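>>> Below is the sequence, then the predicted model.
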Amino acid sequence: MSSQTPLPSVFTRTVPRLAPDGMGKGLFASTDIKTGEDVVYIKVPFVAVLDKPRLDDTCSGCFGKKQLESETDLKACTGCRVVKYCDRACQSKDWKFAHSLECPIFQKVKPMVLPNNARAILRMVLRTGRNKYSTQELDVFSGLETHMQQIEQSQAQLDRVTLTARAIKNYSETDMNEVSIAEYAAKLDLNSFNLTTALYDRIGLYLHPYAALINHSCNFNSTVGFDGEELFVKAVRPIKKDEQIFISYIDTTTPHEIRRTELSERYFFDCRCTRCAKGTDTPEDRFSGTPEDTSVLETAERKALELMQSASASETKPEESIAELESALHILHKTGVWPLTRQPYASLRDQLIVSLLSAGNFGRAFIQAAIRYLRVDPALYSSAHPIRHMHAWILVKLSIYASQSLDPNSKESAFLQKFEINFYFILWYILADLASKQMESCTVPSFKNLVGSHFAQVHNEFKVYGVDPSTSRPLFAAEWKKLERLVSLALEKE
Ligand SMILES: [Zn+2]
Ligand SMILES: [Zn+2]
Ligand SMILES: [Zn+2]
């Protein structure tokens, strides 16, 4: 089992050590680790806060963990009315952790609500002032990179950090000087993780100095997930004792140049991983052929990206977004050589699925999610990768809608009906596959519970109707073939 470090609430199969190639400190496996096993587990964050829009719909005590189990009416803190909670237990936990210190400040700055990074820095400053961190925690935190030198070279970045520090100093009336607060701000910028739900929706910012020691590689061996405020770093492939632990700081499905620009601009380093060493001779950079005029590809990419940006602008209506994203997909498809898995093709489809879901168009969302499940994800993510499991879960949910509540008069319903698919069989098939891979998947406990309980329920419903799915494989395989035909035809029309 994982052993506990001198840091409170950190359990791990790693040890910190100096890493090669100027990477500073890194974490190294202290034992062999199997796929899906915990590499690092941290029970309590150093700091975690919600994004501003999530303050209204997510509990600031459990970060939505209880809401995943059952829908809850959140109640606002009667002091500041900025943060909300499921119940007294969530409220009193957060009150003791930090909210008692920040609540009067939230009241003072009303009606302004501080942005996520300011709320995170404020929490760290206030908790430091009240000796709420252990000396070991502060020791590891003080060793984290700030890259202040690089920040000082950019006036815009420097202004942003100094202004934030000054504001925090004023609000908190802390004894800590502005320079130290600026360092907190820089450390947060550089070392924080996206806080996500167990279903991998981003909800906020998270920082823990021990997890921050993990270095980046585009050829990572571990992934990060959250279950409420608990952090799980899990092995996405087998890791040998003494191997360095790597996660990815960025979306590593993008081509060479984009990855390197993002890493140097946001994290100030030149990636020397084994994938970057291969240059552009990798699947994520390749096309499936060469058009006569290569400028065709550049034009197509530029147009697709413009449409993608416009579709994600906040003032764009869902129906407009959908139309823009579909024409962007069409542009890439028309080049004839753009693989479905080469970016921005895959991201466009992800975004389209989100837009279709928010517009309530579940029939079209089902078709797109099926394309992603069958044709895109197997190339982009290894089978233990949580994103792959989460995408499968979305397809499960959409199969339920498709089997129950499609508008029979809609265009996509006519298209779906042509294939005479029994969505209930599809649903069972995907759930059975997800359930069988739970042990080796990097998903978090709440996600595994959801899959487990849904699978048991669907499996039993089949049995009630006299079908034993585990002995009726040919029946299921036939339905699966229909789904593959549907995906092929939908892609031809793209
Ligand atoms: Zn809660
Ligand atoms: Zn409050
Ligand atoms: Zn790299």
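Nice, I can see it. Ligands and ions are numbered 1, 2, ... in the order given.
>>> isn't residue 37 right up against residue 233?
No: using C-beta atoms under 8 Å, residue 37 makes no contact with residue 233, being 10.2 Å away. (Each C-beta comes from the backbone N, C-alpha and C, glycine too.)
>>> When the two are compared, which one has more neighbours?
A side-by-side neighbour count of residue 37 and residue 233, using other C-beta atoms under 10 Å, places residue 233 first with 25 against 18.
>>> three-state assignment of that one?
The three-state label given to residue 233 by DSSP: H, G, I helix; E, B strand; the rest coil is strand.
>>> can you pull the contacts of it?
Counting by C-beta atoms under 8 Å, 6 or more residues apart in numbering, residue 233 touches 38, 39, 40, 41, 211, 214, 222, 223, 224, 245, 247.
>>> Nearest to residue 53 among the residues you listed?
residue 224 (22.0 Å; C-beta to C-beta).
>>> ok, now which ones touch the closest one?
So residue 224 contacts 193, 211, 231, 232, 233, 247 (C-beta under 8 Å, 6+ apart).
>>> How about the closest residue to ligand 3 within the stretch 351-494 of the chain: what's its closest non-neighbour residue?
Closest approach between the stretch 351-494 of the chain and ligand 3, counting by C-beta to the ion: residue 380, at 15.8 Å. Distances taken as C-beta to C-beta, 6 or more residues apart in numbering place residue 253 nearest to residue 380, at 5.0 Å, with adjacent residues excluded.
>>> That neighbour and residue 330, how far apart?
Between residue 253 and residue 330 the computed distance is 21 Å (C-beta to C-beta, to the nearest Å).
>>> More neighbours: these two, which one.
More neighbours surround residue 253 than the other of residue 253 and residue 330, with 22 against 13 (other C-beta under 10 Å).
>>> What pLDDT does the model give the more buried one?
Per-residue pLDDT puts residue 253 at 94.
>>> Is it located within a helix, as I assumed?
No: Residue 253: not assigned to a helix; according to three-state DSSP it is coil.
>>> got the contact list for it?
Here residue 253 is in contact with 284, 341, 343, 346, 347, 380 (C-beta under 8 Å, 6+ apart).
>>> Those in strands, which ones?
Among the contacts of residue 253, none falls in strands (DSSP state E).
>>> Check those and tell me the two furthest apart.
Once C-beta to C-beta is applied, the contacts of residue 253 give 284 and 347 as the farthest pair, at 12.0 Å.
>>> okay, the two: which has more neighbours?
Neighbour count, other C-beta under 10 Å: between residue 284 and residue 347, residue 284 has more, with 21 against 17.
>>> Pull the number of nearby residues for the residue lying closest to that one once chain neighbours are set aside.
Spatial nearest neighbour of residue 284, excluding adjacent residues (C-beta to C-beta, 6+ apart): residue 255 at 5.4 Å. With neighbours defined by other C-beta under 10 Å, the count for residue 255 comes to 15.
>>> got it, and residue 157?
15.
>>> same question, residue 244
18.
>>> ok, now which ones touch it?
Contacts of residue 244 (C-beta under 8 Å, 6+ apart): 19, 26, 27, 28, 29, 215.
>>> So what's the residue count around the fifth one?
Yep, that's residue 29 we're talking about. 21.
>>> distance of it from residue 15?
Taken as C-beta to C-beta, the span from residue 29 to residue 15 is 8 Å.
>>> cool, and the second one?
For residue 26, the distance to residue 15 (C-beta to C-beta) stands at 10 Å.
>>> Neighbour count: the two, which is higher?
residue 26 (19 against 13).
>>> Find the nearest non-adjacent residue to the more buried one, please.
residue 19 (3.3 Å).
>>> ok, now which ones touch the one you found?
Counted by C-beta under 8 Å, 6+ apart, residue 19 has contacts 25, 26, 215, 244.
>>> just curious, which of those is nearest to residue 140?
Nearest member of these to residue 140, counting by C-beta to C-beta, is residue 25, at 9.3 Å.
>>> so what's the closest residue to residue 303 other than its chain neighbours up against?
Leaving aside its sequence neighbours, residue 303 sits nearest to residue 331 (C-beta to C-beta, 6+ apart; 5.3 Å). Listed by C-beta under 8 Å, 6+ apart, the contact partners of residue 331 are 300, 303, 304, 307.
>>> which residues touch the helix or strand where residue 104 lies?
Using DSSP states H and E, the element containing residue 104 is helix 100-108. If you take C-beta under 8 Å, 6+ apart as the criterion, helix 100-108 is touched by 77, 79-80, 82-83, 95, 113-114, 119, 122-123, 126-127, 130, 171-172.
>>> Now do the buried residues in that helix.
Neighbour-count burial for helix 100-108, with 16 or more other C-beta atoms under 10 Å as criterion, is recorded at 101, 102, 103, 105, 106.
>>> cool, and stretch 162-171?
Quick answer for stretch 162-171 (16+ other C-beta under 10 Å): 162, 164, 165, 167, 168, 169, 171.
>>> In three-state terms, label the second one for me.
Meaning residue 164. helix.
>>> Which residues are in contact with the nearest residue to it once chain neighbours are set aside?
Among residues not flanking residue 164 along the chain, residue 185 sits closest, at 5.1 Å (C-beta to C-beta, 6+ apart). Applying C-beta under 8 Å, 6+ apart to residue 185 gives the contacts 117, 121, 161, 164, 165, 168.
>>> Tell me the confidence at residue 185?
93.
>>> If you rank the contacts of residue 331 by neighbours, which is first?
residue 304 (25 neighbours).
>>> excluding its backbone neighbours, what's nearest it?
The nearest residue in space to residue 304 (C-beta to C-beta, 6+ apart) is residue 328, at 4.2 Å.
>>> how about the helix or strand encompassing that neighbour: buried residues?
If you go by DSSP H and E, residue 328 is part of helix 318-334. By 16+ other C-beta under 10 Å, the buried positions in helix 318-334 come out as 318, 321, 322, 324, 325, 326, 328, 329, 331, 332, 333.
>>> Work out the gap between it and the centre of the chain.
Centroid separation between helix 318-334 and its chain, computed with C-alpha atoms, centre = their mean, to the nearest Å, is 24 Å.
>>> What mean pLDDT does that helix get?
The model assigns helix 318-334 a mean pLDDT of 95.
>>> just stretch 148-164 next, same as before
According to the model, stretch 148-164 has a mean pLDDT of 84.
>>> related to what we said a few turns ago, now the helix or strand hosting the residue nearest to residue 164: buried residues?
According to DSSP H and E, residue 185 maps onto helix 178-191. For helix 178-191, the neighbour count (16+ other C-beta under 10 Å) marks 181, 182, 183, 184, 185, 186, 187, 188, 189, 190, 191 as buried.
>>> so the fourth one touches residue 122, yeah?
What it means is residue 184. No: with contact defined as C-beta under 8 Å, residue 184 does not count as touching residue 122 (9.5 Å).
>>> I'd say residue 484 and residue 375 touch.
No: the pair residue 484 / residue 375 is not scored as a contact, 9.5 Å apart, by C-beta under 8 Å.
>>> What residues does the protein have near ligand 3?
218, 271, 273, 276 (C-beta under 5 Å from the ion).
>>> and the nearest residue to the third one once chain neighbours are set aside, what does it touch?
Residue nearest to residue 273 in three dimensions, not counting chain neighbours: residue 217, with 4.1 Å by C-beta to C-beta, 6+ apart. Contacts were defined as C-beta under 8 Å, 6+ apart; by that measure residue 217 touches 246, 247, 248, 271, 273, 274, 275.
>>> Max pairwise distance over those residues: which two?
It's 247 and 274 that sit farthest apart of the contacts of residue 217, by C-beta to C-beta, at 15.1 Å.
>>> so can I have TSV of the contacts of residue 19 showing pLDDT and secondary structure?
Output for the contacts of residue 19, formatted as TSV (pLDDT from 0 to 100; DSSP: H, G, I helix; E, B strand; the rest coil):
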residue	pLDDT	secondary structure
25	91	strand
26	95	strand
215	95	strand
244	97	strand
